[in-house]
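> pasting a predicted model and its sequence here:
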Amino acid sequence: MKTTNYLSLDTSATKKVSDELQNLLADLQVYYTNLRGFHWNIKGPRFFQLHEAFEEMYDVVSDQIDEVAERILMLGETPFHNFSDYLKKNEIKESGFVSSGDEALKLILDYLKILIAKERNILDLADKANDEGTIALISDYISGQEKTVWMLTSMLS
Ligand SMILES: [Fe+2]
């Protein structure tokens with residue numbers, strides 16, 4: 001049984017969408033792991049504020065990872081689940097040890113720039129494939145990330 005037999009989608013068009021969702025999944029996984037590192041290792045007078053903020057952010061990303069992987073399945077493909085695969089596809093790089101709050105915030109802005117650009121490309125591909133389900137999912141991510149960009153740039157100004 002294949003989901004794509006029931007969705008009235010052109011699978012040659014949605015394959016391009018699911019390929020890009022695989023790339024997004026790889027970036028979200030590395031982003032999640034980097035955020036956990038920031039949550040653990042942050043130091044300084046804003047410790048409590050940033051420690052909490054990074055936890056809220058990685059909880060959101062954890063849900064997104066699951067949603068993107070399940071969207072890939074709905075489109076008839078199999079999501080990668082090994083880090084060795086993610087580390088071949090990721091544009092967001094592993095952060096290493098970061099204890100400075102400002103450095104972590106700037107890195108997060110860099111990551112969001114990568115994610116938002118990737119998601120806009122997915123929206124474009126999903127639009128061409130009439131893939132409303134992916135459009136709805138990814139549109140929500142973009143508006144949430146744009147709000148985070150606004151908050152982080154305000155904090156760093
Ligand atoms: Fe914790």
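Thanks, I have the structure now. Numbers count the residues shown, from 1 in each chain.
> for the nearest residue to Pro79 once chain neighbours are set aside, give me its contacts.
Leaving aside its sequence neighbours, Pro79 sits nearest to Ala69 (CB to CB, 6 or more residues apart in numbering; 3.8 Å). Glycine gets a C-beta too; all of them are placed from N, C-alpha and C. By CB atoms under 8 Å, 6 or more residues apart in numbering, the contact set of Ala69 is 25, 79, 81.
> now, of those, which are buried?
25, 79 (16 or more other CB atoms under 10 Å).
> if we can go back for a sec, and the residue nearest to Pro79, how close does it get to Asn82?
Computed as CB to CB, to the nearest Å, the Ala69 to Asn82 distance reads 12 Å.
> nearest residue to the residue most central in space within the chain other than its sequence neighbours?
Nearest to the geometric centre of the chain sits Leu28, at 3.6 Å (CA atoms, centre = their mean). In space, and not counting its chain neighbours, Leu28 is closest to Ile65: 5.0 Å by CB to CB, 6+ apart.
> from memory Ile135 sits against Asp124, does it?
No: applying CB atoms under 8 Å, one finds Ile135 not in contact with Asp124, separated by 9.9 Å.
> more crowded one of these two?
Ile135 (18 against 14; other CB atoms under 10 Å).
> ok, that one - contacts?
Going by CB under 8 Å, 6+ apart, Ile135 touches 123, 126-127.
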